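A.B. asks: coords please:
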Amino acid sequence: MAEMIFVIGSGRSGTSLAAQMLGKLGGRVSDDLVPVGEQNPDGAYEDKFVFEAISKLMLELGATPNMPMPQGWLETPAARACINALIEKVDAELQRDGGPWVLKEPRSALLIPLWRKVFNRTRVAPKYVLTLRDPKNVCVSSLKQYGQSIDITELMWLNKNVSALSELGGSSYLLHYESWFANPVETARGLADFAGLPIDETTLQAVVGEAVKPRLNRSDFLDVELKNPSVATLYQALQACNGLDYGRDQLKVALQQAMAAMDAFSGWVQLYHAKKSPAQPAEAAKKDQEKLVRQNRESTALLEQVKQELTEVLQRESQIKEDLAQQNQALSEQLQQTKNELAEVLLRESQLLGQLESGRLNQQSLNLVAVKLVEATQTVQKIEQTLAGKEEKLEVFRTRMDELQKQIAQKNERIAREVVEANTQRARLEQLVRTNRRLKKRNGAILASTSYQLSLVFAHTMRSPLKGFFLLPVNLFSVLKKWRARGE
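C.D. replies: Numbers count the residues shown, from 1 in each chain. This next block holds a predicted model:
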């Protein structure tokens, strides 16, 4: 895996999309980026420190991306100061954890010699990704976004690509913007393999679906005709080049032709730089720089405010989660307590049913208690289903449970009284039985006595003297027989 991946290009050629994809595939972009602009709604993915350092260098040198750098620019104090600043930045980034550092800086296509000094000092061997796009599309995009004329955009495209290809010697990874929409998955896989970023197929598909949006494919030439033949010739050769697999000899021929065409206008370039003294940059460029710095400051302040608000929102969200957790815990405890109370009620009801069965209470009372138990069970089940997050219903349930307990207590008291009354009646019945037995016993004794039998004989004699006279011997004989038997 490389320590650093450097994305360069002509501008409006897909450098932002390439940096975004590398970041999603496992690379590490800087924390402090240039704020999002209208020309890049998904983010420019440019390191803010590097962007400002390069902007300062270009301003002090009076340079422009549309023309080659002035002669001797690498030895100027401005270049040396920029190199020192970038060395500290690269060293700091390489100390951070994570994947390889992804740096996107389109203007650096003109500054490869400067970056080579930085990388030699920091002992870094970056992998270069050079983004390419049809120059007609670049011209249209620059015209729409910046109002830049097609002639100047052609010169910019040629200047940056010739500079990058000539300095890198064909060692860069050539990434065509159009390939993102023709074959996005294969394009992303090839870029990940080149950067040494291991990624599974599922994640690769998800990243491509998230980053490659159809609205980015704006291939509307508006009947643009390229005026510079060197641009058309070089792009024709570049169309046959993709990734690291391309014919370098054929590309070298087209590149040499473009360089020769640019050298033919070297006098005009020197004249341009001669009129723009490094010590006195153009007033328009200075105003643009001041405006850019002011916008960066405003964007930074706004970004800090948004970060602070986001932090507060996250803190509030964390507090809300803690409160909800506590409430859930309290409700769980209340639910457990309610279940315990319900278990006790069911136990008491079971005992009551046993008492009712043993006391042989009427079936109607048993049915009434059973209905009450079913209603209480259904009520408790409904309360258990709706208890989460409804503390008010829990209070209603408790109130109903208290009423049910009072009713059960009243029934217990009534049952106890009925049991006492039943026991009292049973005791009275047993006493009556004992009394009856004693009376029967006494009656038997009386009937068995001799005096009683004799009194019966005389009673019959008195009621019917004649009949009693004749039956007197028989009755006396019967009494004597019973007396004798009793004596034996």
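A.B. asks: what are the ranges of the strands in the stretch 101-250 of the chain?
C.D. replies: Taking DSSP state E, counting those that start in this stretch as the test, the strands found in the stretch 101-250 of the chain are 101-104, 127-132, 173-176.
A.B. asks: Excluding its own residues, what touches the second one? List them.
C.D. replies: The contact list for strand 127-132, computed with C-beta atoms under 8 Å, 6 or more residues apart in numbering, reads 2, 4-10, 13-15, 18, 22, 109, 161, 164-165, 168, 171-177, 191, 194-195, 235, 238. For the C-beta atoms, the positions are set from N, CA and C on the backbone; glycine is no exception.
A.B. asks: What of the last one?
C.D. replies: Residues lying outside strand 173-176 but in contact with it, judged by C-beta under 8 Å, 6+ apart, are 14, 18, 127-133, 187, 191, 194, 238-239, 241-244, 246.
A.B. asks: how about the CA coordinates for that strand, as CSV?
C.D. replies: Written as CSV, here are the backbone C-alpha positions of strand 173-176 (Å, rounded to 0.1, in the frame of the first residue of the first chain):
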residue,chain,number,x,y,z
TYR,A,173,-2.2,6.2,-13.7
LEU,A,174,-4.4,7.6,-16.5
LEU,A,175,-8.0,7.8,-15.4
HIS,A,176,-10.6,8.9,-18.0
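A.B. asks: Could you find the closest non-adjacent residue to Leu111?
C.D. replies: Here the nearest residue to Leu111 in space, its sequence neighbours aside, is Ile54; by C-beta to C-beta, 6 or more residues apart in numbering that works out to 7.1 Å.
A.B. asks: residues contacting that neighbour?
C.D. replies: Taking C-beta under 8 Å, 6+ apart, we find Ile54 in contact with Cys82, Glu105, Arg107, Ser108, Leu111.
A.B. asks: Show the pLDDT at the nearest residue to Leu130 once chain neighbours are set aside.
C.D. replies: Once flanking residues are discounted, Leu130 sits nearest to Ser172: 4.3 Å by C-beta to C-beta, 6+ apart. Ser172 is assigned 94 on the pLDDT scale.
A.B. asks: now Val29
C.D. replies: The predicted local distance difference test score for Val29 is 95.
A.B. asks: Isn't it up against Gly99?
C.D. replies: No: Val29 sits out of contact with Gly99 when judged by C-beta atoms under 8 Å, with a separation of 9.6 Å.
A.B. asks: helices or strands up against the longest helix seen in the chain?
C.D. replies: Criterion DSSP state H: the longest helix present in the chain is helix 283-358. Identification of packing neighbours for helix 283-358 by 3 or more C-beta pairs under 8 Å, 6 or more residues apart in numbering; DSSP states H and E yields helix 48-61, helix 363-386, helix 391-448.
A.B. asks: before we move on, the earlier item: mind checking which of the strands of the stretch 101-250 of the chain is nearest Glu341?
C.D. replies: With respect to Glu341, and counting by C-beta to C-beta, the nearest of the strands of the stretch 101-250 of the chain is strand 101-104 at 63.1 Å.
A.B. asks: roughly how far out does the closest one sit from the chain middle?
C.D. replies: Its chain's average C-alpha position is 29 Å from that of strand 101-104, according to C-alpha atoms, centre = their mean, to the nearest Å.
A.B. asks: I'd like the average pLDDT over that strand.
C.D. replies: Averaging the model's pLDDT scores along strand 101-104 yields 96.
A.B. asks: So which elements touch that strand?
C.D. replies: Packing partners of strand 101-104 (3+ C-beta pairs under 8 Å, 6+ apart): strand 4-9, helix 15-24.
A.B. asks: Counting by contacts, list what the first one packs against.
C.D. replies: Other elements packing on strand 4-9 under the criterion 3+ C-beta pairs under 8 Å, 6+ apart are helix 15-24, helix 77-94, strand 101-104, strand 127-132, helix 150-168.
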